[in-house]
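Asker: sequence first, predicted coordinates after that:
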Amino acid sequence: MQLSSVYLFEVGSQKAQWLSARQTAIAANVANANTPGYHAVDIQPFSAVLDSSPIELATTNPAHLSLPQSETGALREVEVDPAEQTLSGNTVNIEQQMINLGDVNRDYTMGSNIRRAFHQLLLSALK
Amino acid sequence: MQDSLQTALRIAASGLQAQSTRLRIVSQNIANAQSTGSMPGADPYSRQTVSFESEMDRTLGANVVNVKSIGVDSSPFKLEHDPGNPAADEGGMVKMPNVDVLTELADMREANRSYEANLQVAKQSADMLNTTISLMKDA
């Protein structure tokens, strides 16, 4: 068994985790679309999450400290053109959020279909 | 930590709740657009307003939306000449509610739009959860 296909499952699950975190950010934006002073948020792009995946040190002794895991769902404010800000100080663009929502859905479906395909591949070797 | 998709569902639910409260207040305002006082010179129905706030839900670890307060619009009442009205003062003037139906309708459309957006998020989060569950179907 090549390691590469196992790594695919790893990336697949990372991507699913990232998409769920993004879905949470979108949900917060849409829910607060009419809240005065609310600033739209998003999470860092997936490529940044992949690049910053830390190499973990083995903890062979209970006294060893583990490195803090990088947070997938860390929120950051989206920069918005001041002209798009409403009078109440809200920067949520509901149309943009709906587009993001579609992106997340499409990527999630694709990711799970790919994982299903590879899973079937493994199963066909086993059965 | 809770599942992010479940969190997204809860946030969308808070949005739905907030927007339906807003819609309730709008319908209350429109229904009372002609409600005068019962005594001569008495104040009529005052328009009510809703304001939202973003609140950190500690069990979810996310920002949900809540109705901050339901306030009373303190703008002046409109005066109409209607001597036959029980609420008319000595001059025959009646204080009418400070409800502007056009403003209320605009507010209603916005609440409707936001409600639909929240519903879309909730539907889609549920869809994503189902997609994950269906991975186990043919295993």
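Answerer: Cool, got the structure. Numbers count the residues shown, from 1 in each chain, chains lettered A, B, ... in the order given.
Asker: where does the most centrally placed residue in chain A fall, secondary structure wise?
Answerer: Closest residue to the average C-alpha location of chain A: A:Trp18 at 1.8 Å, with C-alpha atoms, centre = their mean. If you go by DSSP states H and E, A:Trp18 is part of helix A:3-31.
Asker: so which bits of that helix are buried?
Answerer: A:12, A:14-31 (16 or more other C-beta atoms under 10 Å in any protein chain shown). All C-beta spots, glycine's among them, are computed from the backbone N, C-alpha and C.
Asker: those residues: which ones sit near chain B?
Answerer: Filtering the buried residues of helix A:3-31 for proximity to chain B by C-beta under 8 Å from any C-beta of the partner chain leaves A:16-17, A:19-21, A:23-24, A:26-28, A:30-31.
Asker: surely the residue nearest to the centre of chain A touches A:Phe46?
Answerer: Yes: using C-beta atoms under 8 Å, A:Trp18 is in contact with A:Phe46, at 5.1 Å.
Asker: how near is B:Ala117 to chain A?
Answerer: 5 Å (C-beta to the nearest C-beta, to the nearest Å).
Asker: now do the contacts for that residue.
Answerer: A:30, A:33, A:94, A:97-98, B:15 (C-beta atoms under 8 Å, 6 or more residues apart in numbering or on different chains).
Asker: for B:Gly91, which residues are in contact?
Answerer: Per C-beta under 8 Å, 6+ apart, neighbours of B:Gly91: none.
Asker: A:Ile26 too?
Answerer: A:97, A:100-101, A:104, B:8, B:121.
Asker: as CSV, these with secondary structure, neighbour count and pLDDT would be great.
Answerer: Converted to CSV, those look like this (DSSP: H, G, I helix; E, B strand; the rest coil; neighbours: other C-beta atoms under 10 Å in any protein chain shown; pLDDT from 0 to 100):
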residue, secondary structure, neighbour count, pLDDT
A:Gln97, helix, 22, 93
A:Asn100, helix, 18, 93
A:Leu101, helix, 22, 94
A:Val104, helix, 23, 95
B:Ala8, helix, 31, 92
B:Val121, helix, 29, 95
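Asker: which positions in chain A make contact with chain B?
Answerer: A:16-17, A:19-21, A:23-24, A:26-28, A:30-38, A:73, A:94, A:97-98, A:101, A:104-105, A:108-109, A:112, A:115-116, A:119-120, A:123.
Asker: excluding covalently adjacent residues, which one is nearest to A:Gln85?
Answerer: With sequence-adjacent residues excluded and distances taken as C-beta to C-beta, 6 or more residues apart in numbering or on different chains, A:Gln85 is closest to A:Thr91, at 5.2 Å.
Asker: with A:Glu84 as the reference, measure out to the one you found.
Answerer: A:Thr91 is 7 Å from A:Glu84, where distance means C-beta to C-beta, to the nearest Å.
Asker: okay, the two: which has more neighbours?
Answerer: A:Thr91 (19 against 12; other C-beta atoms under 10 Å in any protein chain shown).
Asker: can you pull the contacts of the residue positioned nearest the centre of chain B?
Answerer: Computing the C-alpha centroid of chain B and ranking residues by C-alpha atoms, centre = their mean puts B:Arg22 first, at 0.2 Å. By C-beta under 8 Å, 6+ apart, B:Arg22 lies in contact with A:34, B:50, B:52, B:67, B:107, B:111.
Asker: related to what we said a few turns ago, and the following helix or strand past the helix holding A:Trp18, what does it pack onto?
Answerer: Using DSSP H and E, the helix or strand that follows helix A:3-31 in sequence is strand A:41-43. Where contact means 3 or more C-beta pairs under 8 Å, 6 or more residues apart in numbering or on different chains; DSSP states H and E, strand A:41-43 is packed against helix A:3-31, strand A:75-77.
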